[in-house]
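Undergrad: Model the structure of this input:
(2 chains)
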Amino acid sequence: MSTGLIRLALPKGTLLSPTSRLLNELTLGVEGYSSDARRYRLHSTEFSYITAKIFQEKDIPIQVAIGNYDLGICGADWVEELLARYLSSSLVKILNLNYGKSEICLVSHRHSNIPDIYVIGKERREWRIVSEYPNLAEAFALNLRLRDFKVFPVWGSAEVYLPEDAELAVLKIVHEQELVSRGFVCLRKLFPVTACLIANRESLENRGLHQILSRFASRRVESSRILRRQRTMTQAQPAIFHFQRGEQDVRVALPDGHQQVPTARVLKQAGLELQGYSTVEVCSRPGINLDWASIKVIRPQDMPLQVANGNFDLAITGEDWFREHIYRFPASPVKKLLDLGFGQVKIVAAVNTEVPVANIAQLRRYIQNGAYPCLRVASEYINIADRYLQDQHIGCYKLILTWGASEVFPPEDADLLIDNVQTGRTLIKQNLKVIDILFQSQACLIGNTQGFASRDKMKNINFIIRRLEKAVA
Amino acid sequence: MKNNQMCRGARDLLPGDMTCFRYVEDTFRMSCCQWGYQEVRTPTLEYLHLFTAVGTLTPSKLSKVYSFLDWDGWSGERVVLRPDGTIPMARLYSRSLSEKTIARLFYVTNVFAFEATGKENREKWQCGVEFVGSSEPVADVEIMMLANEIMRKLGLGNIELELSHAGLVRALIKELKLDPEKEVDLVSAVLDGKWQALEETHVPDSNLHELLGILLNLQSKSSSFLHNARALASRFSQDIHQQLDDFVAITAILDKAGCNYNINLKAVKGFEYYTGLCFKLLTDGHEVGGGGRYNNLIPLIGGKDVPACGFALYIDSIMGLLPASCRKGDEGAIMITIEKDMTADRTALGFQLAQLLHRGGYTAILDFESGEPFRYRWSVVVTENEAIPFRVSDNQRNQQWDMALASDVVEMLEKQG
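TA: So this is what the prediction gives:
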């Protein structure tokens, strides 16, 4: 980090608009930070020594903690999530900014029949806790002295897993009433969340941040009129699900996001009619024209782990996420059953165009010649990246887990990127070049090889596999 | 050498350290065997859930364990690098030795705990003893006598034994009749060594207030103190009586056995699994070990309702307190010098002599590079003289002998003692 430059990490997503308004109010002059931002790297017209970069909110605490940024703005939830596991990290929370208000809560579903938090501590049974905040969930479980518990980290939609696939969830809640109306019970409010200003400890101790900090401090804390309007939870849906499962029942996980449209098309071609899984409407539990099957919509990233644990029999995810799981848990019972022919991407290794290497062998030599003290590698695929770097005998490297938009990391905040590309245009725009293709990925059907409880169930699973096979043939 | 080659908080044990380490280990092992204890070893990896229940490790200790998902941990089941010596022993007993009414076990093991600065060791070594199957005060006394004996044999100076009683502390807190949540908080604070929290708790019953004050603030070197406290406690719960009786019975035996101790209820902290007497071992004011009774631990982790007690000595702390002489290992060695460019049969003679000396119980080191033969009292040079190849030197007395046979050399060394 150069001595004079002060670096700010700013959030994308729901906090972007209120943060942008705040920065304008403080006349920090950060240009181009708006919801239609075309650039990730920004400068201040007011203070020539301020530069800023836009990140996924979740990435900001770690970027500030490792010293890539002096200051950052993000939700207090992600700060606490980092500190729950890494107490001694160099992260200091400076100011609550009083917008982006919500609450981190321990939630169960009324069908789980958990009357209060004390029951959880006393009962001698296994508790499954699902959360986007696995460190907070674990810290909470340890503090409550749970004897036997398992934390399932997920990328999102944690509440969808209750009550069948987990008894408890640690969630961010904006509107408690809405949650209650959907059958959930808030057992304990763990802590309130607002957006906050954070700093790297060494920067705070040694660098001249006072001009920026005084602008933040002079601002009167206002009520959060902005966020009351926002509704981050999806619309209420009738809680229709099969809590009691028959032996022959097949549970299928389908993806949300980009993969939803092609998945729906393939299912239609296979003669499987779904209600509530279209471009118009995506329910968390769509209906299907098979009375022995139930469907849930979850993140493709979370599917392999869920299938491994027997919460689902079949799932449609990407080969990338399947491999990410298998590399971490080589003995997992999850198997790839069928390639589905859509969602093709390449998983590549890329570096900044100015790095004088054309392939991974050249990069290895470049590293051996002392180009980097320790290679910084940014990736959403932490296990794929780890396996690849080991296979390539890259000596000292540090993995930086990112939560999307990894391409903004190099060159300042990472030296190598392991990411998926479709056309490669995004990489070119970010001055990146591909130096290796790790593998080709496409959507696939995965299943649990140990999950066939009965002959009927196996028949049903094979029915779906055969239908899909025909559809993609 | 790059400075990131070794993990923070990790430590290499060099030859001098290992000599010292083995000295502690051997002394410990010999004493344990003489008292009829048997050695066992548990794996480095254990399931985290073994350590998370109430009555195992405190939350502050749990926040420092090295836990992670194993390669087959897709179910979310975490494993942990052994953070404690006793809990795995309780597991071992209930899994494999529960048919034994009495099990006297000992172990030498490493335990792992995160330490934020990285300046302290994150991997520590301890040697421990567990006496499983008896709830009698004699068992508590036996392990304390054993600990005392080991420390004396190690040559540690000014040994102190500080006694507390977890059962008594818990019974006293219960007697305060706080609401359940406050009681849990107070126990947690006391477990973390924050005795102030107990001292500052409002006690409406003035007699109880006085008794607490006496027990927490006074220290004593005799069981009479506990007898007196027992008399003052007559109005209070049966539990307090029983715990004080137990404490009295143990100290009475120690008094008669001439084993010095100091009663100090606040001496120990982090006694989550202790249910009765607990103690701290000090030498010249440094803490070098501790232990106590843990009657609930074995049933808690799924075993039978079997009482137990034990202690551990902290090898790293002890090593730092032993004299430098404990680090020297090869003073008694005999150096055999085979000079450069010596023929194969001359060289073989040197090896033959070394083997003969090893069989005779000597440490014999071969020197090929003319290193420093005079470091040792005895050195032997294999010369080119075919008839009398061995030149033996007593470097202390500046004497030399020429000898024909390797067996002559051994014989001469034996005579010289």
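Undergrad: for the stretch 151-300 of chain B, which spans come out with low pLDDT?
TA: Residues of the stretch 151-300 of chain B meeting the criterion pLDDT under 70: none.
Undergrad: The nearest residue to residue B:401 once chain neighbours are set aside: what's it in contact with?
TA: In this structure, residue B:401 finds its nearest non-sequential neighbour in residue B:392, 4.7 Å apart by C-beta to C-beta, 6 or more residues apart in numbering or on different chains. No exception for glycine: its C-beta is placed from N, CA and C like everyone else's. The neighbourhood of residue B:392, defined by C-beta atoms under 8 Å, 6 or more residues apart in numbering or on different chains, consists of B:378, B:379, B:380, B:400, B:401, B:402, B:403, B:409, B:412, B:413.
Undergrad: and if you look at residue B:189?
TA: B:197, B:198.
Undergrad: what's the helix or strand for it?
TA: helix B:180-191 (DSSP states H and E).
Undergrad: any idea how far that helix is from the chain center?
TA: Put simply, helix B:180-191 sits 30 Å off its chain's centre (C-alpha atoms, centre = their mean, to the nearest Å).
Undergrad: How far away from the center of its chain is the next helix-or-strand element following it?
TA: Using DSSP H and E, the helix or strand that follows helix B:180-191 in sequence is helix B:196-199. Computed by C-alpha atoms, centre = their mean, the chain-centroid distance of helix B:196-199 equals 30 Å.
Undergrad: need the next SSE after helix B:196-199, C-terminal direction.
TA: Taking DSSP H and E, what comes next after helix B:196-199 is helix B:206-217.
Undergrad: Go through that following helix and flag the buried ones.
TA: B:208, B:211, B:212, B:215 (16 or more other C-beta atoms under 10 Å in any protein chain shown).
Undergrad: what sits up against the helix or strand just after it?
TA: Using DSSP H and E, the helix or strand that follows helix B:206-217 in sequence is helix B:223-232. With contact meaning C-beta under 8 Å, 6+ apart, helix B:223-232 is reached by B:207, B:210-211, B:214-215, B:218, B:220, B:241, B:244-245, B:247-248, B:251-252, B:254-255, B:263.
Undergrad: among those residues, which ones are buried?
TA: B:211, B:215, B:220, B:244, B:247, B:248, B:251, B:252, B:254, B:263.
Undergrad: got the contact list for the fourth one?
TA: I take that to be residue B:244. Counting by C-beta under 8 Å, 6+ apart, residue B:244 touches B:168, B:226, B:229, B:230, B:233.
Undergrad: quick check, nearest of the residues you listed to chain A?
TA: residue B:168 (22.7 Å; C-beta to the nearest C-beta).
Undergrad: Quick check: mean pLDDT of stretch A:156-172?
TA: Computed over stretch A:156-172, the mean pLDDT rounds to 92.
Undergrad: thinking again about what came up before, that's a strand at the residue nearest to residue B:401, yeah?
TA: Yes: judged by DSSP: H, G, I helix; E, B strand; the rest coil, residue B:392 forms part of a strand.
Undergrad: Count the neighbours of the residue of the stretch 251-400 of chain B found nearest chain A for me.
TA: Proximity to chain A, evaluated over the stretch 251-400 of chain B using C-beta to the nearest C-beta, is greatest for residue B:300 at 8.9 Å. By other C-beta atoms under 10 Å in any protein chain shown, 19 other residues sit near residue B:300.
Undergrad: Please name the nearest non-neighbouring residue to it.
TA: Per C-beta to C-beta, 6+ apart, closest to residue B:300 is residue B:55, 5.2 Å.
Undergrad: Serialize the buried ones among the contacts of helix B:223-232 to JSON lines and add fields for distance to residue A:157.
TA: Below are the buried ones among the contacts of helix B:223-232 laid out as JSON lines (distance: C-beta to C-beta, whole Å):
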{"residue": "B:211", "distance to residue A:157": "57"}
{"residue": "B:215", "distance to residue A:157": "55"}
{"residue": "B:220", "distance to residue A:157": "62"}
{"residue": "B:244", "distance to residue A:157": "57"}
{"residue": "B:247", "distance to residue A:157": "56"}
{"residue": "B:248", "distance to residue A:157": "61"}
{"residue": "B:251", "distance to residue A:157": "61"}
{"residue": "B:252", "distance to residue A:157": "65"}
{"residue": "B:254", "distance to residue A:157": "62"}
{"residue": "B:263", "distance to residue A:157": "58"}
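Undergrad: closest to residue A:310 among those residues?
TA: residue B:247 (51.5 Å; C-beta to C-beta).
Undergrad: Please tell me I have it right and the closest one contacts residue B:166.
TA: No: if you go by C-beta atoms under 8 Å, residue B:247 and residue B:166 don't touch, sitting 10.5 Å apart.
Undergrad: List the buried residues for the helix or strand encompassing residue B:21?
TA: Per DSSP H and E: residue B:21 is located in helix B:15-34. Within helix B:15-34, the residues that qualify as buried are B:20, B:21, B:23, B:24, B:27, B:28, B:29, B:31, B:32, counting by 16+ other C-beta under 10 Å.
Undergrad: could I get those residues as TSV with pLDDT and distance to residue A:201?
TA: Shown next, in TSV, are the buried residues of helix B:15-34 (pLDDT from 0 to 100; distance: C-beta to C-beta, whole Å):
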residue	pLDDT	distance to residue A:201
B:20	95	38
B:21	97	37
B:23	95	43
B:24	97	40
B:27	97	45
B:28	98	43
B:29	98	46
B:31	97	48
B:32	98	47
